[in-house]
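**Student:** What would the 3D arrangement of this be:
(chains A and B)
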Amino acid sequence: MAEITKRSDDYSRWYQDVIAAAELAENSPVRGCMVIRPNGYAIWENIQRTLDDKFKELGHVNAYFPLLIPKSFLAKEAEHVEGFAKECAIVTHHRLKQVTVDGKTTVVPDPDSKLEEEYIIRPTSETVIWDAYRKWIQSYRDLPLLINQWANVMRWEMRTRMFLRTTEFLWQEGHTAHATAEEGRAETLQMLEAYRWFAEEILAIPVLPGPKTENERFAGAVETFSIEAMMQDNKALQAATSHDLGQNFAKAFDVKYQDAEGKVEHVWATSWGMSTRIMGALIMAHSDDNGLVLPPRIAPTKAVIVPIWKNDEEMAQMCEAARDLAAKLSPVVGTVHVDDRDKMRPGWKYGEWERKGVPVRLELGPRDLAGQQVMMAARHDRKKQPVGFAVLADAVQAELERIQTDLYDAAITRRRENTHVVDSWDAFTDLYTKGDGGFALAHWCGGGDCEEAIQQKTKVTIRNMPFERDETPGECVHCGKPSIGRVVFAQAY
RNA sequence: CGGGGCGUGGCGCAGUCCGGUAGCGCACCUGCUUUGGGAGCAGGGGGUCGCCGGUUCGAAUCCGGCCGCCCCGACCA
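**Tutor:** Residues are numbered from 1 along each chain as shown, chains lettered A, B, ... in the order given. Below is the predicted model of the structure:
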């Protein structure tokens, strides 16, 4: 295993090194696409399970819509096409043909199999889904319609980064239909809150929920909300979005319902999503120079037991004792792994499980067994202490909770230290050129042109306008016009 | 798509300037000794040198083209 680059030396290499060292994912033969390895996919499965339970608790059901979307569908909502046209993969043929060129056999699209109407690989599924909703919705009795889909999508990005921006990515997309604008808005906010809960309580990543500016809105939405997180390099990352789609898609796909009084109206829609990008946030939020650090609530393996021995007899004893402990622990704390591999010394194993981010390590040697105890070590702060067998389950449970809390506290402290109230353009530019960046709470006039000008000059964008923000008017940090209050600026992933 | 860097066993690299048929560390396999923070010794397996073409008696090395990866910009979740 190659050394992990230090964060202070090269943050972006560090990020890639952590992914490689923890065996989360690797590049694939397809440009911009990644192979998610078992260690990475196990985390995604936990993310899926937790979110899926939450969605269902809130009344949603799952369905599956096709990967391929007729080209004409995308064109039905004007803003939507404009937003996605530049990054669509297109399926044009349905058959290959073997040909021999210079004695070598290869395959080419069979010209005779050209599709009359080409398909695009979904960049998001609003269009196919709303085409179906037209058929499913007739009456107010069919509402609300609360459907979620777990799927892969493709957006042909110019520059990709593992998890953070890949050509193909996995996500969930919720698509709901409602009888009134108020219900739609309530759903949009409810799901944003679900994402906030998930990011903060499960992933230990503090986030700022709030509406995006008009420029940053989802193509086709009336209003877009996001949760924004700060990474260890002080850049912002949009961790999830929730869109109030108004009647835009209902009108584009002619989805109407009849209310109790017999009046026919277009329905009101929302969509909301969280993707494998969140894994990039998870990796960057907590990991250190020794590798991955995972919050216990999302970690696939909560604890690993490393037995220590000097000879075959001891090996048998320690392994048996370790398996006994694991069997007692698992029902209380979750998956516990016993690393009984021969041929590897304990020190090597410690290093490996640290790289992979397992929150708690339990060391069990002859001296421990004699004293009916283990040495318990935490991944994130390396604190080590002896714990008696009798109280082990409670102690590990408490340790996992301590780790979860520590990680959240560290992240929120880091965010506080790197969030600055900025009141002049000089201070603003200094922060992002000479300083360490981070979040700037600054006045903004509300003008899209002004927002773009700021981005042009500094590469800093308005992440969102947090619900909890200072709305006292002031002067726009850039143009000096009267402001709508302070919004959050940052360089973003 | 522009600017910079890099493609050589699984990983990290040397060799390229100055052409002579591929080497080091780690990992892997076998055996013995080991095992409380990345063990030691001995033996062993594995590479069309990113791809295509050219020059040459001979190319990892020189020339031309292409592809991919990483970093920095323009687009985005």
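
**Student:** now the strands for the stretch 251-400 of chain A?
**Tutor:** A:256-258, A:264-266, A:268-275, A:303-307, A:336-338, A:360-364, A:373-378, A:384-388 (DSSP state E, counting those that start in this stretch).

**Student:** With mean pLDDT and mean neighbour count added, can I get those strands in TSV?
**Tutor:** Bear in mind the C-beta positions are built from the backbone N, C-alpha and C, glycine included. Shown next, in TSV, are those (pLDDT from 0 to 100; neighbours: other Cβ atoms under 10 Å):
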stretch	mean pLDDT	mean neighbour count
strand A:256-258	97	17
strand A:264-266	97	14
strand A:268-275	96	26
strand A:303-307	97	27
strand A:336-338	96	21
strand A:360-364	97	24
strand A:373-378	97	20
strand A:384-388	97	13
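
**Student:** now these as TSV including distance to A:Leu143?
**Tutor:** Shown next, in TSV, are the strands of the stretch 251-400 of chain A (distance: least, Cβ to Cβ, whole Å):
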stretch	distance to A:Leu143
strand A:256-258	6
strand A:264-266	11
strand A:268-275	9
strand A:303-307	47
strand A:336-338	46
strand A:360-364	47
strand A:373-378	49
strand A:384-388	54
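
**Student:** quick one: which of those is nearest A:Ala75?
**Tutor:** strand A:268-275 (18.2 Å; Cβ to Cβ).

**Student:** counting contacts, what elements does that closest one pack onto?
**Tutor:** Strand A:268-275 sits against strand A:168-178, helix A:181-197, strand A:236-246, helix A:248-252, with contacts defined as 3 or more Cβ pairs under 8 Å, 6 or more residues apart in numbering; DSSP states H and E.

**Student:** For the longest one, list every residue counted as buried.
**Tutor:** What that stands for is helix A:181-197. A:Glu183, A:Gly184, A:Arg185, A:Glu187, A:Thr188, A:Leu189, A:Met191, A:Leu192, A:Ala194, A:Tyr195, A:Arg196 (16 or more other Cβ atoms under 10 Å).

**Student:** show me the contacts for the first one.
**Tutor:** Spelled out, it's A:Glu183. Neighbouring residues of A:Glu183 by Cβ atoms under 8 Å, 6 or more residues apart in numbering: A:Pro144, A:Trp268.

**Student:** before we move on, what about the fifth one?
**Tutor:** For A:Thr188, the contact set (Cβ under 8 Å, 6+ apart) comprises A:Glu223, A:Phe225, A:Ser242, A:His243, A:Asp244, A:Thr270, A:Trp272.

**Student:** how many other residues sit next to A:Phe467?
**Tutor:** By other Cβ atoms under 10 Å, 13 other residues sit near A:Phe467.

**Student:** and it, helix, strand or coil?
**Tutor:** coil (DSSP: H, G, I helix; E, B strand; the rest coil).

**Student:** Who are the contact partners of it?
**Tutor:** Contact partners of A:Phe467, counting by Cβ under 8 Å, 6+ apart, are A:Pro209, A:Gly210.

**Student:** I figured A:Ile36 hits A:Ser28, correct?
**Tutor:** No - contact criterion Cβ atoms under 8 Å: A:Ile36 and A:Ser28 do not qualify, at 9.7 Å.

**Student:** Can you read off the backbone torsions of A:Val107?
**Tutor:** Backbone torsions for A:Val107, taken as degrees, to the nearest 10, come to phi -120, psi 150.

**Student:** my bad, A:Val293
**Tutor:** Residue torsions, per degrees, to the nearest 10, at A:Val293 are phi -130, psi 120.

**Student:** Can you tell me how far it is from RNA strand B?
**Tutor:** Noted for A:Val293: a distance of 13 Å to RNA strand B, by Cβ to the nearest atom of the strand, to the nearest Å.

**Student:** Would you check that that residue makes contact with A:Lys356?
**Tutor:** No - counting by Cβ under 8 Å, A:Lys356 is not a contact partner of A:Val293; they are 10.0 Å apart.

**Student:** Is it possible to get JSON lines of the strands of the stretch 251-400 of chain A that adds distance to RNA strand B?
**Tutor:** Compiled in JSON lines, the strands of the stretch 251-400 of chain A are given as follows (distance: least, Cβ to the nearest atom of the strand, whole Å):
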{"stretch": "strand A:256-258", "distance to RNA strand B": "28"}
{"stretch": "strand A:264-266", "distance to RNA strand B": "24"}
{"stretch": "strand A:268-275", "distance to RNA strand B": "5"}
{"stretch": "strand A:303-307", "distance to RNA strand B": "9"}
{"stretch": "strand A:336-338", "distance to RNA strand B": "15"}
{"stretch": "strand A:360-364", "distance to RNA strand B": "4"}
{"stretch": "strand A:373-378", "distance to RNA strand B": "4"}
{"stretch": "strand A:384-388", "distance to RNA strand B": "6"}
